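# take this sequence and fold it.
(2 chains)
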Amino acid sequence: MNVITVKIFRNALVTALWFMFLTFPIMVIKVNTTENLIIWRWHNLLYVGVTAFTASLLTALYRQYRDRKRGQQQQKEGTGRVSWNERFFNTPAITRPICALGALFFLVFPLLFSTYQVNIMTTALMYVVLGLGLNIVVGVAGLLNLGYVAFYAVGAYTYALLNMHYGVGFWVALPLGGIMAALFGILLGFPVLRLRGDYLAIVTLGFGEIILLVLKNWSEFSQGPGGISNISRPGLFNIQLSMEATLNYQYYLTIAMVLLTIFVINRLQNSRIGRALFALREDEIACQAMGIDKTTIKLTAFALGATWAGLAGVLFAAKNAYINPDSFTFLESAMILCIVVLGGMGSILGVIIGALILILLPEYLRAFSDYRMLAFGAILVSMMIFRPQGIVANIRQSYRSSKDGVP
Amino acid sequence: MNMEPILSVRGLCMDFGGIRALDKLDLRIRAGEIAALIGPNGAGKTTFFNCLTGIYTPTAGELLLAPPGQASRRLNGLKPNRVTEAGLARTFQNIRLFPSMTVLENVLIGRHCRTKAKILGAILRDPRTRREERESVDIGMALLKKVGLAHMADEVAKNLPYGAQRRLEIARALATEPLLLLLDEPAAGMNPQETQELISLIRSIRADGLSILLIEHDMKLVMSLSDYIFVVDYGRKIAEGVPEEVRINPVVIKAYLGEEVDYA
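Sure thing, here's the model as predicted:
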């Protein structure tokens, strides 16, 4: 039975009073500046109090209910309980149709929706690539990188500058952008080999700012804050495409990019290199003691992550046909990091879902434009409280021996 | 027994600032032998392990590994991963598994330095990479069977009971194909039955031709298991010999009990 104890009641009361006190200035006092009047809206105080009180009571009751249920479950099943998402994502009968439906949806998307929607979706898919790239560094190898957008900028500017000066086309620039970003990844990797956690985060943050400042201030090189315009869009065998066709083409290009990313990262994660990256996150000392070269594997992580940012950067420059340093601020890094953390560190599916939610949600919440950032923040905060492992928790691969059937 | 030393340590010193943690340590471990390093708390046993495995660079002295039939190799100043590649594998006093990886994956990490697949191989999954991966899994499973964890291969390492975690650490170390296995207090925190299982496991590892050096506090285990014992105190070697000699050596008894026992 759920019981409202004195303690719960008192807590709810305190919460209500606290909320009433906090919201007093904005909910109760209203200043009418034209007539120099202060309007006291005492009824609002009542609403706030009652709402906070009920919400607090309900939360407490829910907690009680959940704890009791959990206790029963543990008694019943011992410790061998599998979380719902593990069961859900490990059942091919469920995942296969969902994947097929998802694939079909993305394939026919441009036929169903307007060019505006296609454009937004293309952006979201680019963030999927970025998220998956950062996932290698943060989610898999456990190296907190706050300057990830720098590599994105390197890719974008590689294409923009090569295109402006030498007329290099998209398809040639794509691998070059990736390689350039990987080189910058290694460049950043060397000085931070000994750093971990907070220290690493600060250095990478600085690295991102340096790249941004260079792009902003070295006008002879990057054309400064004005940016670079008239970048060629990706070509398709020299065929002239209409505006709408170009957008659709870019959409499918991005889809192809996402598929390639998923394919490569999936294979990497379940390989010798991928395991070494996971081990690096888990325990650096044990990792070395087991014969893994820390230097190589850290640089590999940075280079691999940066490569995808570089590729996405080229794609970004080609899509917009115009870039300037404002697209590569710290806010972008934070956004990509949010995608990885919200989606689930180390989980490919999680990062995809995370990217789609975080990029599409603000777009479709434009109707409630006043509250959309509020909703966005609330989602992030509640996710971190209630599901810190992200939407989809990482599931480890199981291997089978070839000799016998022992799993 | 083969009398060739597989590891020779000569005049090993390790200073931390003004403190000399290891003072001209000499020891030789013969191939196929179970050697034990004992000493009171703070005697420098773990420091010795850390010097040996490349976590610390010794201030002076020589560490020589002599693989059978090959030229001996100096280990001083090598990075930990190079030491492991050279043929020394260790376990840790406070277990250092990769907690959220599966049991088999933990062992597969040990295979890292014996396999070669690069990024391109991982992406393309060419026949060589696939074969290598299959071999690694087979070896990993065989090792898990040896330590009695094959049925838990897909379990996440942190969910294992304590004794099983210790055995997994040994399996992981064995996966690196070492010549000499270094065990840092393998029986710490184990109950008598688990200790008994550990003793037979260590014996079976030796039967496979490996040499073993262990640090241990459990005297019963040390005396029943080891062929040769080194005793250190304050960073110095104070005695060495077969268990029967060490057991009655007055210097050792003094180091452990603080004063000489009167036999009269």
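
# in the stretch 51-200 of chain A, where is pLDDT below threshold?
Across the stretch 51-200 of chain A, the ranges flagged by pLDDT under 70 are A:73-92.

# also chain B?
Using pLDDT under 70, the flagged stretches of chain B are B:1-3, B:258-264.

# name the nearest residue to the most centrally placed residue in it, ignoring sequence neighbours.
With distances taken as Cα atoms, centre = their mean, the residue of chain B nearest its centroid is B:Leu182 (1.0 Å). Spatial nearest neighbour of B:Leu182, chain neighbours left out: B:Arg90 (4.0 Å); criterion: Cβ to Cβ, 6 or more residues apart in numbering or on different chains. (Each C-beta comes from the backbone N, C-alpha and C, glycine too.)

# what of A:Phe109?
Nearest one to A:Phe109, counting by Cβ to Cβ, 6+ apart, is A:Met121 at 6.1 Å.

# that neighbour and A:Leu107 touch, don't they?
No: judged on Cβ atoms under 8 Å, A:Met121 makes no contact with A:Leu107 at a distance of 11.9 Å.

# element containing the residue nearest the centre of chain A, please.
Residue closest to the mean C-alpha point of chain A, counted by Cα atoms, centre = their mean, is A:Ile339 at 1.3 Å. With elements taken from DSSP states H and E, the one containing A:Ile339 is helix A:330-343.

# distance from the chain centre to that helix, please.
4 Å (Cα atoms, centre = their mean, to the nearest Å).

# do stretch A:267-281 as well
21 Å.

# for it, output the C-alpha coordinates as CSV.
What follows is stretch A:267-281 as a C-alpha-only set of coordinates in CSV (Å, rounded to 0.1, in the frame of the first residue of the first chain):
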residue,chain,number,x,y,z
ARG,A,267,33.1,-3.1,-37.6
LEU,A,268,35.7,-1.1,-35.8
GLN,A,269,33.9,-1.4,-32.4
ASN,A,270,34.0,-5.2,-32.6
SER,A,271,37.6,-5.5,-33.7
ARG,A,272,40.9,-5.7,-32.1
ILE,A,273,41.3,-1.9,-32.3
GLY,A,274,37.8,-1.3,-30.9
ARG,A,275,38.3,-3.5,-28.0
ALA,A,276,41.6,-1.7,-27.2
LEU,A,277,39.7,1.6,-27.3
PHE,A,278,37.1,0.3,-24.8
ALA,A,279,39.9,-1.1,-22.6
LEU,A,280,41.5,2.3,-22.6
ARG,A,281,38.4,3.9,-21.2
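
# my guess is A:His366 contacts A:Phe376, does it?
Wrong residue type there; residue A:366 is Arg, not His. No: using Cβ under 8 Å, A:Arg366 is not in contact with A:Phe376; the gap is 12.0 Å.

# the two: which is more packed in?
Between A:Arg366 and A:Phe376, counting by other Cβ atoms under 10 Å in any protein chain shown, A:Phe376 is the more crowded of the two (16 against 8).

# and for the more buried one, nearest residue in space, chain neighbours not counted?
Closest residue to A:Phe376 apart from its sequence neighbours, by Cβ to Cβ, 6+ apart: A:Pro362 at 6.0 Å.

# and the strands in chain A?
A:29-32, A:37-40 (DSSP state E).

# domain ranges for the chain?
No chain in the question, so chain A it is. A:6-74, A:92-386 (automatic domain parsing).

# oops, I was thinking of chain B
Using automatic domain parsing, chain B is parsed into the domains B:1-87+B:178-264, B:100-176.

# which ones are touching the nearest residue to A:Leu143 once chain neighbours are set aside?
Computed as Cβ to Cβ, 6+ apart, the closest residue to A:Leu143 that is not its neighbour in sequence is A:Val137, at 5.3 Å. Neighbouring residues of A:Val137 by Cβ atoms under 8 Å, 6 or more residues apart in numbering or on different chains: A:143, A:145, A:148, A:301-302, A:304-305.

# residue 185: what's it in contact with?
All of this refers to chain A. Residues counted as contacts of A:Gly185 (Cβ under 8 Å, 6+ apart) are A:151, A:299, A:302-307.

# wait, chain B was what I had in mind.
Contacts of B:Glu185 (Cβ under 8 Å, 6+ apart): B:93, B:214-217.

# swap the cut-off to 6 Å and go again
B:Glu185 makes contact with B:93, B:215-216 under the criterion Cβ atoms under 6 Å, 6 or more residues apart in numbering or on different chains.

# please pick the buried ones from those.
B:215-216 (16 or more other Cβ atoms under 10 Å in any protein chain shown).

# as a markdown table, the contacts of B:Glu185 with secondary structure would be great.
Below are those laid out as a markdown table (DSSP: H, G, I helix; E, B strand; the rest coil):
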| residue | secondary structure |
| --- | --- |
| B:Gln93 | coil |
| B:Ile215 | strand |
| B:Glu216 | coil |
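
# with respect to chain A, which of the contacts of B:Glu185 is nearest?
B:Gln93 (12.0 Å; Cβ to the nearest Cβ).

# could you point out the longest helix of the chain?
In the absence of a named chain, chain A is used. Longest helix in chain A by number of residues (criterion: DSSP state H): helix A:42-77.

# actually it's chain B I care about, not the one you picked
Counting residues, the longest helix found in chain B (DSSP H) is helix B:127-146.

# which parts of that one are buried?
Those would be B:129, B:132-133, B:136-137, B:139-146, for helix B:127-146 by 16+ other Cβ under 10 Å.

# same check, this time on stretch A:53-65
So for stretch A:53-65, counting by 16+ other Cβ under 10 Å, buried means A:53, A:56-57, A:60, A:64.

# is stretch A:277-292 anywhere near chain B?
Yes: with Cβ under 6 Å from any Cβ of the partner chain as the measure, stretch A:277-292 is seen reaching chain B through A:278-279, A:282-283, A:286, A:288-292.

# could you redo the buried residues of stretch A:53-65 as CSV and give each row distance to chain B?
Formatted as CSV, these follow (distance: Cβ to the nearest Cβ, whole Å):
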residue, distance to chain B
A:Phe53, 41
A:Ser56, 35
A:Leu57, 37
A:Ala60, 32
A:Gln64, 28
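
# name the nearest of the residues you listed relative to B:Met101.
A:Gln64 (35.9 Å; Cβ to Cβ).

# quick one: the helices in the stretch 151-300 of chain A, in order.
Along the stretch 151-300 of chain A, the stretches classed as helices by DSSP state H, counting those that start in this stretch are A:170-189, A:197-217, A:219-222, A:243-269, A:272-282, A:284-289, A:294-320.

# ok so, going back, reformat the contacts of B:Glu185 as TSV; add distance to chain A.
Output for the contacts of B:Glu185, formatted as TSV (distance: Cβ to the nearest Cβ, whole Å):
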residue	distance to chain A
B:Gln93	12
B:Ile215	15
B:Glu216	19
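
# chain center to the longest helix of chain B, what's the gap?
23 Å.

# that one to helix A:272-282, inter-axis angle?
Note on geometry: by axes from the mean of the first three to the mean of the last three Cα atoms, to 10 degrees, helix B:127-146 and helix A:272-282 are set 50 degrees apart in direction.

# hmm, helix B:127-146 in reach of chain A?
Yes: judged by Cβ under 6 Å from any Cβ, helix B:127-146 and chain A are in contact via B:134, B:137-138, B:141.

# quick one: name the residues of chain B near chain A.
So far as Cβ under 6 Å from any Cβ goes, chain B lies against chain A at B:80-81, B:84-85, B:90, B:96, B:98, B:101-102, B:104-105, B:108-110, B:112-113, B:115, B:117, B:119, B:122-123, B:134, B:137-138, B:141, B:150, B:154, B:176.

# are any of these buried, and if so which?
B:80-81, B:84-85, B:90, B:96, B:98, B:101-102, B:104-105, B:108-110, B:112-113, B:117, B:119, B:122-123, B:137, B:141, B:150, B:176.

# which members of those residues are positioned in helices?
Short answer: these in helices (DSSP H) are B:80-81, B:84-85, B:104-105, B:108-110, B:119, B:122-123, B:137, B:141.
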